[in-house]
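**Student:** Sequence plus the predicted model coming up.
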Number of protein chains: 2
Amino acid sequence: MKIVRSFILLGLTLTLLSVWGCTKKETPEVVREEPIQPIPLKVDYDPEKVELGKMLYFDPRLSKSGFISCNSCHNLATGGVDNLPRSIGHKWQFGGINAPTVLNSRYNIAQFWDGRAKDLKEQAGGPIENPVEMAFSHEMAVKVIQSIPQYVERFKKVYGTDQIDIDKITDAIAAFEETLITPNSRFDQWLRGDDNALTAEEKEGYQLFKEKGCITCHNGIGVGGNMFQKFGVVKPYERDTKTLGRYEVTKNEADKYVFKVPILRNVELTYPYFHDGSTYSLSEAVNIMAEYQLGIELTPEETRKIVAFLKTLTGEQPRIVYPVLPPSTEKTPKPTPAD
Amino acid sequence: MKIVRSFILLGLTLTLLSVWGCTKKETPEVVREEPIQPIPLKVDYDPEKVELGKMLYFDPRLSKSGFISCNSCHNLATGGVDNLPRSIGHKWQFGGINAPTVLNSRYNIAQFWDGRAKDLKEQAGGPIENPVEMAFSHEMAVKVIQSIPQYVERFKKVYGTDQIDIDKITDAIAAFEETLITPNSRFDQWLRGDDNALTAEEKEGYQLFKEKGCITCHNGIGVGGNMFQKFGVVKPYERDTKTLGRYEVTKNEADKYVFKVPILRNVELTYPYFHDGSTYSLSEAVNIMAEYQLGIELTPEETRKIVAFLKTLTGEQPRIVYPVLPPSTEKTPKPTPAD
């Protein structure tokens, strides 16, 4: 009898505990009041759509050659970039501009260096039909994917129709890219209250980053990505005078040499730097910014401290299970790498 | 008292069960007696070495351009091949021969179509310094990896020294490749006794595969990979008369047009076929084999059945967590994609 009663009591307790677990409100995150905010620890997403998007992201059949995928230039093994000054595209052509990282790109106000795409979905269509990148056409990309039954099945499941179009392809790719965040960097741990997450030097670097004025443009969740700014605010930038940036979109004279301020999250991984990829050295990049954007010269010690701070922005990289892609069929248009 | 006794009994039982679990012999696998053997369900490996090898396998810094990795041509998303007739290498040069799959390559008697490398380790060094593939040198590859502290640390852990050399690099890559098996195909399930794993047509296809003589060369665990054979046994193969195969290794006249018999595991994924990648159609490939190797003509029904059987050889693809590669340092030699 006594044992039976004990069991009933235990059952009741467990039930109450689980009800409490389900209904209790999550306590709002307490974060230091700083011009940089931490990346959320996770984002909500549709697993079926994201899996489909991941497959497409890694699928070289979206290129004319059958050799280049989104991941070729935005490589998730290397900070979401290719670590090259300019990307290699179809027939080894070099792109006109350094490939920006796909990591945390959801926090950009617009996509591409000149912001010509309003969001990731619009961006994803660009390289597919860019003749120096994947060199395909949207029509051919759709034809290829539509010819593969396992893809058709997945599109049907996600979009409720087996009629694939470029809109759905780029929507799925963008959905995958939206998940590519890098939370929990040491800097974010510090923002969330862990005083020991940063060394004294790194904290001093962050103070300098604010005091010297870097923070004016590099702020928010992305530590950049939320505004456009001229490269060469106080002094013309001479290394690249051909790339006109935002001017190409607006045709407004004032937008010449104006670019989207790049995200500095994981900047340790995303070398070489700037839209022209002109330096592999983070110290040099910091000094160039000081000179051309702020009109100041940093002491070697200041540069070192700012670099130390910047390296604390490296977050947890997305854990990607490499996709297994469905085979082409006899109906699939063949790649034409030599054309 | 009673409860205490019950607990003691329970404890004793659990102990006995766990002892039995640890000491019982694994019952030897019962497999049908056939000229093809199933792929083992798992292989033993050294996790630290394999993880290091995986990183190197995916690292484009082993190429001159910083753009091409082992995985570029032996893509684990697409059956361990690039699905191109000839691979794309440095500066978009085309290789001389179709890239064979890395999947189950541990079951090859030798590596490369002409068998010029005795094992996977010897093979791995080839493409790195092949001027039309990764176009690097072993010396430069070692310099790059040695300049990256996180790699040095891993080499030290695996090999007990922080002096990296090409021997260790290729040893680690080979160790990773050794794990790339594709067990549990439907055909292997049937070999292990599951009568329902294959349809009637697929079983008839396998009978034809044996009766017509395909099995003479395509047998063993790999369904190929364990011998050399002339392409054009009964009739000269005219599509490619330039690639001399094993002759290049032995300089023996009888070895002209002799190639390693390719593994047919996952053949559904490894198109286009033959050393010259001359057809994307598995049916056509089967018919060509019948004509040139066996001197017979298959009926469309026979071809269809053999193809149906071949598709049962697709196994479980390796589950790869995409590696996160350590960043280069200022000491790391820069890639030179334009040279």
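**Tutor:** It's in.

**Student:** Skip the chain neighbours and tell me the closest residue to A:Tyr273.
**Tutor:** Once flanking residues are discounted, A:Tyr273 sits nearest to A:Ala285: 4.0 Å by Cβ to Cβ, 6 or more residues apart in numbering or on different chains. The way it works is simple: take the backbone N, C-alpha and C, and place the C-beta from them, glycine included.

**Student:** what comes into contact with the helix or strand hosting that neighbour?
**Tutor:** Using DSSP states H and E, A:Ala285 sits within helix A:282-289. Applying Cβ atoms under 8 Å, 6 or more residues apart in numbering or on different chains, the contact partners of helix A:282-289 are A:214, A:267-268, A:271, A:273-274, A:279, A:297-298, A:303-304, A:306-307, A:310-311.

**Student:** Please tell me how far it is from the chain's geometric centre.
**Tutor:** In terms of Cα atoms, centre = their mean, to the nearest Å, the centre of helix A:282-289 is set 22 Å apart from its chain centre.

**Student:** Just the mean pLDDT for that helix, thanks.
**Tutor:** Mean pLDDT, helix A:282-289: 98.

**Student:** Over to stretch A:139-154?
**Tutor:** On average, stretch A:139-154 scores 98.

**Student:** check contacts around A:Thr329.
**Tutor:** A:Thr329 sits next to A:147-149 when contact means Cβ under 8 Å, 6+ apart.

**Student:** wait, isn't A:Gly205 in contact with A:Phe309?
**Tutor:** Yes. Using Cβ atoms under 8 Å, A:Gly205 is in contact with A:Phe309, at 3.0 Å.

**Student:** circling back: got a markdown table for the contacts of A:Thr329, with distance to B:Glu29 too?
**Tutor:** Shown next, in a markdown table, are the contacts of A:Thr329 (distance: Cβ to Cβ, whole Å):
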| residue | distance to B:Glu29 |
| --- | --- |
| A:Ser147 | 40 |
| A:Ile148 | 35 |
| A:Pro149 | 34 |
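
**Student:** between those residues, which is closest to A:Lys331?
**Tutor:** Taking Cβ to Cβ as the measure, A:Lys331 sits nearest to A:Ser147 out of these, at 4.4 Å.

**Student:** got the buried residues for the helix holding A:Ala285?
**Tutor:** A:282-283, A:285-289 (16 or more other Cβ atoms under 10 Å in any protein chain shown).

**Student:** what do you get for stretch A:288-297?
**Tutor:** So, applying 16+ other Cβ under 10 Å, buried residues of stretch A:288-297: A:288-294.

**Student:** Check stretch A:154-173 too.
**Tutor:** A:154-155, A:158-159, A:164-166, A:168-173.

**Student:** pLDDT wise, what is the residue in the stretch 51-200 of chain A that chain B sits nearest to at?
**Tutor:** The nearest approach of the stretch 51-200 of chain A to chain B comes at A:Trp92, 4.0 Å away (Cβ to the nearest Cβ). We note a pLDDT of 98 for A:Trp92 in this prediction.

**Student:** same check, this time on the one 4 residues further on
**Tutor:** Looking at A:Gly96, its pLDDT is 94.

**Student:** Would you agree it is in contact with A:Thr243?
**Tutor:** Yes. Between A:Gly96 and A:Thr243 a contact is recorded at 6.8 Å, counting by Cβ under 8 Å.

**Student:** what does the stretch 1-150 of chain A put close to chain B?
**Tutor:** A:3, A:58-61, A:65-67, A:72, A:75-79, A:82-84, A:88, A:91-92, A:94 (Cβ under 8 Å from any Cβ of the partner chain).

**Student:** low-confidence ranges in the stretch 1-150 of chain A?
**Tutor:** The model of the stretch 1-150 of chain A has pLDDT under 70 over residues A:1-28.

**Student:** can you give me the helices for it?
**Tutor:** Here the stretch 1-150 of chain A has its helices, by DSSP state H, counting those that start in this stretch, at A:2-23, A:47-57, A:70-73, A:120-129, A:138-146, A:149-159.

**Student:** per-domain residue ranges of chain A.
**Tutor:** A:47-178, A:186-313 (automatic domain parsing).

**Student:** chain center to the shortest one, what's the gap?
**Tutor:** Taking Cα atoms, centre = their mean, the mean C-alpha location of domain A:186-313 is offset from the chain mean by 16 Å.
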